[in-house]
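Q: Show me how the following folds:
(one chain, ligands or ions: 2)
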Amino acid sequence: MAEPPVVIWKHEVERWLRYKELIPRLEEALGKFSSRDSAEVIQPVRTTLVLQKHNGFMGLMPTYMEKDAVLCTKFVCFYKREDGSTLPSTQATVVLLDPEYGNVKAVMDGDIITRMRTAAASAISARLLMRPDAEVLTILGTGNQALSHYDVFTEMFSFKEVRVWSRTTEGVERFRHSVSGPVMPYVSVEEAVRGADVIVTVTRCTEPVLFGQWVKPGAHVAAVGACRPDWRELDDVLMKEAVVYTDSREGAMTESGDVILSGADIFAELGEVINGTKPAYREKTTVFKSLGMGVEDAVSAKLIFDQWKVNANKS
Ligand SMILES: NC(=O)C1=CN([C@@H]2O[C@H](COP(=O)(O)OP(=O)(O)OC[C@H]3O[C@@H](n4cnc5c(N)ncnc54)[C@H](O)[C@@H]3O)[C@@H](O)[C@H]2O)C=CC1
Ligand SMILES: O=C(O)C1=NCCCC1
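A: Ligands and ions are numbered 1, 2, ... in the order given. Reported below is the predicted structural model:
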């Protein structure tokens, strides 16, 4: 008989999820996804339900990895919050199942998973696509994703300067006090991004905030926000001048306003670069358009559950 499901709370997810273990597994999973081998990964584009009354969306993100025996889904609600709202902009829960029996093995907090696997995917994009001599990192936005991106980018790389931009001085001050290392605060996007080698956009913007004319040729942009077909973070100039990479072509063609409305071509998925089937144009200006994928949640959930189980059996 199947065991009852366990609940893995936020503090335990924080304890068991580490970039050091997550990044190699994520890289492998992105490669498997892009191989389009159904025995490796089946992951449809997420189903999104509009929560009109609350100005939000619920995404359902199922994934099946047959060879790895992982069956998982995430429920994520995300909102277009008004300025000054104290409600969270993203809330997620991850459910891990036994693919043979179909029973739920674990229900876990999905917020930390979403923050860490998204930042880890951006860091993988930077490792593959930024110039090897990159010195300056700029983060646009100062919310939860900005913090996780700061953590993983400073853990993985040695930037000489990290800049952060928010629309308000309070936003940058809060960010400065939340991170463990140095950061240069900016209240002008243009000044924050001029001369930057790597730019991370992690805002809730629905109109472009980053303009191609400000971006240094050869820079790498990891564009994480604007996950609706009519939302933008990047302007047409940047989208058309850059070589555009995504996590999933189908996801980007369905959900990314930056891709759909600019008419830019998608050159490759990150997984294709990992698999060696598409080149990484480090010397050119590159955009990684991230939408987020169920397979990223699935590998994170397996990692957490496996570690949780080993440690639960010890006590
Ligand atoms: N690609 C992916 O896998 C994922 C994408 N996201 C997206 O990433 C973005 C950031 O997420 P969180 O950090 O969790 O959100 P958050 O609410 O914690 O932070 C959002 C930041 O954007 C700023 N902001 C809000 N409206 C703005 C505007 N009109 N112009 C400029 N800045 C604005 C806020 O001041 C804040 O600094 C969201 O768009 C979210 O939907 C979130 C999770 C995964
Ligand atoms: O992949 C995710 O998780 C999300 N993607 C876009 C919006 C919020 C959550």
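Q: Within range of ligand 1, give me the residues from the stretch 151-300 of the chain.
A: Neighbours of ligand 1 within the stretch 151-300 of the chain, by CB under 6 Å from any ligand atom: 166-167, 171, 202-205, 209, 224-225, 227, 290-292. In this view, the C-beta of every residue, glycine as well, is placed from N, C-alpha and C.
Q: could you pull out the strands for the stretch 1-150 of the chain?
A: 6-8, 47-51, 56-65, 70-79, 90-97, 104-109, 136-140 (DSSP state E, counting those that start in this stretch).
Q: Specify the angle between the fifth one and strand 56-65 in degrees.
A: Here the directions of strand 90-97 and strand 56-65 differ by 30 degrees (axes from the mean of the first three to the mean of the last three CA atoms, to 10 degrees).
Q: Give me the buried positions along stretch 248-255.
A: 248, 251-252, 255 (16 or more other CB atoms under 10 Å).
Q: Just give the closest residue to the residue of the stretch 151-300 of the chain found nearest ligand 1, not the sequence neighbours.
A: As assessed by CB to the nearest ligand atom, ligand 1 sits closest to residue 292 within the stretch 151-300 of the chain, at 2.4 Å. Spatial nearest neighbour of residue 292, chain neighbours left out: residue 118 (5.9 Å); criterion: CB to CB, 6 or more residues apart in numbering.
Q: shouldn't the one you found be in contact with residue 151?
A: No - the criterion here is CB atoms under 8 Å, and residue 118 misses it with residue 151 at 11.9 Å.
Q: Among the two, which residue is more densely surrounded?
A: Of the pair residue 118 and residue 151, residue 118 is the one with more neighbours under other CB atoms under 10 Å, namely 26 against 18.
Q: For the more buried one, list the residues it contacts.
A: Residue 118 makes contacts with 145, 148, 224, 290, 292, 296, as judged by CB atoms under 8 Å, 6 or more residues apart in numbering.
Q: distance of it from residue 52?
A: Distance of residue 118 to residue 52, computed by CB to CB, to the nearest Å: 26 Å.
Q: go on, residue 271?
A: Distance from residue 271 to residue 52, by CB to CB: 34 Å.
Q: which of those two has more neighbours?
A: It is residue 271, of residue 271 and residue 52, that has more neighbours when counted by other CB under 10 Å, with 27 against 8.
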